[in-house]
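>>> Sequence and predicted structure are below.
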Amino acid sequence: MESPMPRRGLTLAELVVTCTFLALLVGIALPRTQHLLDGIRVEQAAHEVASALTLARAAAIRRAAYARVVLDEAGSRIRVESGGDTLLDRDLHDINRVALRASRDTIVYAPNGLGHGIANSTIVVSIRQRAETVTVSRLGRMRRSW
């Protein structure tokens, strides 16, 4: 008599248990991963805002001309302009899916690198519950906080 063939594959009960276990694992891990990704996106966008402010200040000093940072809250765009040239134009919503809120829509740097007509402007970069704030002092200095 021939020996029975070894069983290949899984039974329906084994498949159901495996799929249920995987669904529970994904259900627990996915929200934590999303929160982590939101934090990375906010940090990256805040870094881009800080870089734009640094670029505008450096351009004002180097060109000995006024430079400005234009913030578009509705489109979550940031643009750096100096002497009729656009030095930087970033759409932060398309890149990082973040929203911008600012205390003013334009930050101007004088040729000496000081803020012109600003007094502690704030730019808040956020996505869901994650947010980071970039503050520009009247002296033109910038700092980030969360």
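Here it is on my side, so go on.

>>> how far out from the middle of the chain is the helix of greatest length in the chain?
Ordering each helix of the chain by length in residues (DSSP state H) puts helix 12-63 first. Relative to its parent chain, helix 12-63 has a centroid offset of 9 Å by C-alpha atoms, centre = their mean, to the nearest Å.

>>> For it, enumerate the helices and strands it packs against.
Under the contact definition 3 or more C-beta pairs under 8 Å, 6 or more residues apart in numbering; DSSP states H and E, helix 12-63 sits against strand 67-72, strand 77-82, strand 85-91, helix 92-96, strand 106-109, strand 121-127, strand 130-136, strand 142-145. The way it works is simple: take the backbone N, C-alpha and C, and place the C-beta from them, glycine included.

>>> May I see the ones you listed organised as TSV, with mean pLDDT, mean neighbour count and distance to residue 6 added?
Listed next are the helices and strands packed on helix 12-63 as TSV, based on pLDDT from 0 to 100; neighbours: other C-beta atoms under 10 Å; distance: least, C-beta to C-beta, whole Å:
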stretch	mean pLDDT	mean neighbour count	distance to residue 6
strand 67-72	95	20	66
strand 77-82	96	20	64
strand 85-91	95	14	59
helix 92-96	92	17	53
strand 106-109	93	22	73
strand 121-127	94	21	53
strand 130-136	93	20	53
strand 142-145	84	14	62
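
>>> Now distance to residue 31 too, for these, in CSV please.
Output for the helices and strands packed on helix 12-63, formatted as CSV (distance: least, C-beta to C-beta, whole Å):
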stretch, distance to residue 31
strand 67-72, 31
strand 77-82, 30
strand 85-91, 27
helix 92-96, 19
strand 106-109, 36
strand 121-127, 14
strand 130-136, 13
strand 142-145, 26
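
>>> Cool, thanks, signing off.
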